[in-house]
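the following block contains a protein sequence and its predicted model.
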Amino acid sequence: MRYGLTLKNCILRKVLPPESRSIYQVAKESGISPGTIRGWMLKSKEGKLEITPEGSDPSPKDWPPAQKFRLLMEGKLIPADQRGEWLRTNGLHSEHLALWEQELSNLMTDKQEALKAEIKELKKKVLELEKAGNRKDKAMAEVVALLVLKKKLEERFGVDEED
C-alpha cells in the first residue's frame, strides 16, 4: 500500500521529537503498521524522506477547489471497502469528502446566483441602450424632416436663410 507524503509527514511528526510518541501508540491510532512507520523513520534519517514542519504543507481544507473536486470525484468511484485505504493514501478523512461536496455545491450555487445577477444587469443595460437608440432615431428623423421641409420651402419660394 502506498501512503501520501502528507500522511507520512503527519505520522513522522508524531513519533519524532518534539512529540516523541510511541510508535505503537501512533500505529494503533492511524491503522498503519509499526514496521511501516519504522521504515519511514529510517528513510528520514537517511535523508530519503524529507519531513516538513507542521504548518508548511497545506491541510486538505486549504487545497484549491480543482484539486478538491478531482479527489471528490475520484473518491466517489472507489468501492466502499477500499475507501479507507484510498483516504489514508491521500492523507484524508472521510469527513473531508462530505465537507468538500457541500463547499463545492455552495461555490457553484454562488456562481450561478452571480451569473444570474450579471445577466439581469446586462439586460437592463441593453434595454437602456435600446431606449437611447430609439430616442436618437426619432431625433434624427425629426432633423431629416426639418431639412426636407426647409429644402422644399427654398425650392417653392426661393427663400434663403440670409433673406
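Looks like it came in fine.

got a list of what the residue nearest the centre of the chain touches?
Nearest to the geometric centre of the chain sits Pro65, at 4.2 Å (CA atoms, centre = their mean). By CB atoms under 8 Å, 6 or more residues apart in numbering, the contact list for Pro65 reads Glu103, Leu104, Leu107. Yep, even glycine has a C-beta here, placed from its N, CA and C like the rest.

again, but for Lys8
With CB under 8 Å, 6+ apart, Lys8 has these contacts: Trp40, Leu49.

could you check how far it is from Gln25?
Distance, Lys8 to Gln25, using CB to CB, to the nearest Å: 17 Å.

same check on Leu92?
Counting by CB to CB, the gap from Leu92 to Gln25 is 22 Å.

same thing with Gly47?
Per CB to CB, Gly47 is found 26 Å from Gln25.

likewise for Pro17?
Using CB to CB, Pro17 is found at 15 Å from Gln25.

more crowded one of those two?
Gln25 (12 against 6; other CB atoms under 10 Å).

so which strand or helix has the more buried one?
Element membership for Gln25, per DSSP states H and E: helix 23-30.

that helix - what's its average pLDDT?
Mean pLDDT, helix 23-30: 86.

count the residues that sit near Thr36.
16.

elements contacting whichever helix or strand Leu115 is part of?
When secondary structure is defined by DSSP H and E, Leu115 falls within helix 94-157. Packing partners of helix 94-157 (3 or more CB pairs under 8 Å, 6 or more residues apart in numbering; DSSP states H and E): helix 65-77, helix 80-89.

what angle sits between that helix and helix 80-89?
For helix 94-157 against helix 80-89, the angle between stretch directions is 80 degrees (axes from the mean of the first three to the mean of the last three CA atoms, to 10 degrees).

and the angle for helix 94-157 with helix 65-77?
Using the same axes, to 10 degrees: helix 94-157 against helix 65-77 is 130 degrees.

chain center to helix 94-157: distance?
Here the centre of helix 94-157 is set off from its chain's centre by 29 Å, with CA atoms, centre = their mean, to the nearest Å.

could you list the low-pLDDT ranges of the chain?
Applying pLDDT under 70 to the chain flags the ranges 1, 51-59, 61-62, 159-163.

excluding chain neighbours, what is closest to Leu72?
Trp100 (5.1 Å; CB to CB, 6 or more residues apart in numbering).

how much space is there between the one you found and Pro65?
The gap separating Trp100 from Pro65 is 9 Å, by CB to CB.
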